[in-house]
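Chemist: I'll drop the sequence and a predicted model, then ask my questions.
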Amino acid sequence: MKVNTQLTYYARAIYLAIEENPGKEKEIFENLKKSLGARRMRYLPAIMAKFFKLYAHEKKAELVLSSNFDEKTKTEIKEKLKKNIAGIGEITEVIDENLIAGFRLRTKDILIKASLKDILTGLKNKTYGHN
Amino acid sequence: MEGLEIDWKVLVGQIINFAILFFLLTYFVYKPFLALLKERREKIAEGIKKAQEADEKMLEIEKTKDASDIKNEENRKAIILKAEGEAKTRAGEILQSAEQEKINIIAKAQKDSEVLKEKEKENTKKEIIENAFSLAEKVLKENIDNEKSKKITAEFLNKLKI
């Protein structure tokens, strides 16, 4: 097996271990060091780089806003979201005026619909009897 | 009276001549003529007989033909009667089938009409809903400015709990 592929497997294994055992990051990294041993310790920076890249990719979130708010407001919104929703990494913004007001947040695992457009769509679906 | 005397020699000669002539005529003319007549008579009789036989045969044929005609007529009548019976039965069946078909068509038309009505109703309902929500969306878009949007976003964020 190629070294690069092996490093990717290590990075993914660490990521999954952290996901399944939140708060035990230190322990997980200690175990990684042990399993690498002195001989393969030189690969640790490469593994960590892959891990951070993977983490950023997996935790990446897209925030859809109804209006292009000022930077301060956007930062506040992002902070609040990060505070309330665990495991959110970098947040990118998109403007969609069709939302009317509110926002949507999309990550790999979740989609939060918090806009007037979504409320209207929900009401419309209820009227149709879809829900 | 000397000129009126019978010349016996001439008379005998005449008699002999007559006898010879008679014999010759009888043998060469009369007998063949009789034979011819007899043959002719036989042919005529045969012809008559054949004609009679033909008449008889014709009569027989006519009788047979008449019998055959009667039989044929009877058969024809029987066939016609049977055909009429079958036609009546078939007509009855066709009528019954047509009646059933009519009932089915009416039922299908009613069903189709109901389905169409229901579809129309559904379409109208859908149209009303779509229009109402489009209008609501338009009104909201027109009335919500940046500040209101910010406020609403903040409210959504405050309600957010995961």
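Modeler: Thanks, I have the structure now. Numbering: from 1, shown residues only, chains lettered A, B, ... in the order given.

Chemist: CA only for contacts and neighbour counts going forward, please
Modeler: Noted.

Chemist: model confidence over the longest helix along chain A, on average?
Modeler: Ranked by residue count, the top helix of chain A under DSSP state H comes out as helix A:3-20. Averaging pLDDT along helix A:3-20 gives 91.

Chemist: and whatever helix or strand comes next after it, what does it pack onto?
Modeler: Counting by DSSP states H and E, the next helix or strand C-terminal to helix A:3-20 is helix A:25-36. Contacts defined by 3 or more CA pairs under 8 Å, 6 or more residues apart in numbering or on different chains; DSSP states H and E place helix A:25-36 against helix A:3-20.

Chemist: what residues sit buried inside the helix it packs on?
Modeler: A:7, A:8, A:10, A:11, A:12, A:14, A:15, A:18 (16 or more other CA atoms under 10 Å in any protein chain shown).

Chemist: for burial, what's the neighbour tally of residue 30?
Modeler: Defaulting to chain A. Residue A:30 has 11 neighbouring residues, counting by other CA atoms under 10 Å in any protein chain shown.

Chemist: other chain: chain B
Modeler: Around residue B:30 there are 14 residues (other CA under 10 Å).

Chemist: how far away is residue B:111 from residue B:100?
Modeler: Remark: distance between residue B:111 and residue B:100 (CA to CA, to the nearest Å) = 16 Å.

Chemist: returning to that earlier point: quick one: list the elements packing against the longest helix of chain A.
Modeler: Applying 3+ CA pairs under 8 Å, 6+ apart, one finds that helix A:3-20 makes contact with helix A:25-36, helix A:44-59.

Chemist: kindly reformat the ones you listed as TSV containing distance to residue B:39 and mean pLDDT.
Modeler: Output for those, formatted as TSV (distance: least, CA to CA, whole Å; pLDDT from 0 to 100):
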stretch	distance to residue B:39	mean pLDDT
helix A:25-36	151	90
helix A:44-59	140	91
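
Chemist: so which of those is nearest residue A:106?
Modeler: Among those, the nearest to residue A:106 by CA to CA is helix A:44-59 (10.2 Å).

Chemist: how about that closest one, does it get close to chain B?
Modeler: No - with CA under 8 Å from any CA of the partner chain as the criterion, chain B is not reached by helix A:44-59; the gap is at least 15.8 Å.

Chemist: tell me the angle that helix makes with helix A:25-36.
Modeler: If you take axes from the mean of the first three to the mean of the last three CA atoms, to 10 degrees, helix A:44-59 sits at 140 degrees to helix A:25-36.

Chemist: helix, strand, or coil at residue A:62?
Modeler: strand (DSSP: H, G, I helix; E, B strand; the rest coil).
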